[in-house]
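1. Here is the input, now give the coordinates:
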Amino acid sequence: MTLTISSEALDFLLITAAASPDREVCGLLLGEEDRIVAVVPCANVSPEPWHRFEIDPAALIAAHRVSRGGGPAVIGHYHSHPTGLAEPSPRDAADAAPDGTIWLIVGAGAVTAWRAVAAGRRHGRFDPLTLACADGPPTAKRETSSRDFA
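-> Okay, here's the model as predicted:
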């Protein structure tokens, strides 16, 4: 499956992650099944933010309230790997529910897309998605496919 995102949103993810080299950044993805319409940065409230992320529960609840009121759906989230690659880690797999949500991972100057599923190809939890810009390539980095990490 190909997941589309704007080049502006991809640039935001890459720039935000690069600006935080010692802690994981994270946020929510809003949109439809195959299209991200917005990325919403959230506080990382993990007690170990240098190698783990936890989205601020208040931000998550607020986003779901907006969705129930007719706003865009929460379809997943993003986070960075400041010292790692743009691929799910074993820790990500252990923390992920097999609920079909989308995970964007930013690392080493790239962004990849994954779907959390039961019996996924990556760590038994994630299947790769193709990530494409809806409006041309981002300026910070060319489009990236998680197929390279399957």
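2. helix/strand/coil for the closest residue in space to T101 that isn't next to it in sequence?
-> In this structure, T101 finds its nearest non-sequential neighbour in G76, 4.2 Å apart by C-beta to C-beta, 6 or more residues apart in numbering. In short, each C-beta sits where N, CA and C put it, glycine included. Secondary structure, DSSP: H, G, I helix; E, B strand; the rest coil: G76 is strand.
3. Now do the same contact list for G76.
-> Counting by C-beta atoms under 8 Å, 6 or more residues apart in numbering, G76 touches 28-29, 101-104.
4. what's the answer for P82, then?
-> Per C-beta under 8 Å, 6+ apart, neighbours of P82: 17, 20-24, 50, 107.
5. next one: G70
-> Under the criterion of C-beta under 8 Å, 6+ apart, G70 has no neighbours.
6. in this protein, what residue sits furthest out from the centroid?
-> Relative to the centre of the chain, the most outlying C-alpha is that of G69, 23.6 Å out, by C-alpha atoms, centre = their mean.
7. about what we covered before: and which of the contacts of P82 is nearest to I61?
-> Nearest to I61 among these: E24, at 20.8 Å, using C-beta to C-beta.
8. ok, that closest one touching I55?
-> No: the criterion here is C-beta atoms under 8 Å, and E24 misses it with I55 at 10.6 Å.
9. Those two: which is more packed in?
-> Neighbour tally, E24 and I55, criterion other C-beta atoms under 10 Å: the higher count belongs to E24, 24 against 21.
10. How about the more buried one, nearest residue that isn't a chain neighbour?
-> F53 (4.3 Å).
11. partners of the helix or strand harbouring I105, with directions?
-> Assigned by DSSP states H and E, I105 belongs to strand 102-107. Next to strand 102-107 in the sheet, as set by DSSP bridges, lie strand 73-80 (parallel), strand 110-120 (antiparallel).
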